[in-house]
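In: Test case, fold it:
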Amino acid sequence: MDALSLINALATLVLFTGLSWLILSPTVNDGIVIKLGLVLMALSELGVSMLLLGGDWTPYRPLMLCLAGVHIGAAVVLLGYLLRRGRVRHPVRRVTDWAPLDGAGTAPR
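Out: Predicted coordinates:
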């Protein structure tokens, strides 16, 4: 294994770790479409790193399939982002949301 393959394998492992954190983190507010794209990207990055670390990445087709998975996953994430952005921005409000909480301004009984 040459140095360039090792650097690429380690870089894809770092990307896999970052994508895994995005998928598993409860603080990241993503939808099902974005989550599916992130999972596809993470598994494809893991596949690329395993092919490169295995040393026998000369079969061209598995490497190209993994890279296609990364690109398709990125397209799905972009599509999910555009779908989320296109939704209605204003939240649905109830009448009670506008009532004062301390009782000020209410009519006496």
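
In: so how far is M1 from the spatially most central residue of the chain?
Out: Residue closest to the mean C-alpha point of the chain, counted by CA atoms, centre = their mean, is L38 at 3.5 Å. Applying CB to CB, to the nearest Å, the value for L38 to M1 is 29 Å. Quick note: C-beta positions are derived from backbone N, CA and C, even for glycine.

In: Also L65?
Out: Look at L65 and M1: by CB to CB, they are 21 Å apart.

In: which other helices and strands contact the longest helix anywhere in the chain?
Out: The longest helix of the chain (DSSP state H) is helix 60-85. Applying 3 or more CB pairs under 8 Å, 6 or more residues apart in numbering; DSSP states H and E, one finds that helix 60-85 contacts helix 32-54.

In: now the angle between helix 60-85 and the helix it packs on, please.
Out: Interaxial angle of helix 32-54 relative to helix 60-85 (axes from the mean of the first three to the mean of the last three CA atoms, to 10 degrees): 160 degrees.

In: Check which residues of helix 32-54 are buried.
Out: Buried positions in helix 32-54, judged by neighbour count with 16 or more other CB atoms under 10 Å: 33-53.

In: list the contacts for the residue nearest to I32 when sequence neighbours are not counted?
Out: Of all residues not flanking I32 in the chain, G80 sits nearest, at 8.0 Å (CB to CB, 6 or more residues apart in numbering). G80 makes contact with D30, G31, I32, V33, I34, L36, G37 under the criterion CB atoms under 8 Å, 6 or more residues apart in numbering.

In: Spatially nearest residue to the fourth one (excluding sequence neighbours)?
Out: This points to V33. Closest residue in space to V33, ignoring its immediate chain neighbours: G80 at 3.4 Å, by CB to CB, 6+ apart.

In: I'd say G55 and A9 touch.
Out: No. Using CB atoms under 8 Å, G55 makes no contact with A9, being 9.8 Å away.

In: So between those two, which is more surrounded?
Out: The neighbour comparison of G55 against A9 (other CB atoms under 10 Å) goes to A9, with 20 against 11.

In: Tell me which residues of the host helix or strand of that one come out buried.
Out: Taking DSSP states H and E as the criterion, A9 maps to helix 3-24. Judged by neighbour count (16+ other CB under 10 Å), helix 3-24 contains these buried residues: N8, A9, T12, L13, L15, F16, L19, S20, L22, I23.
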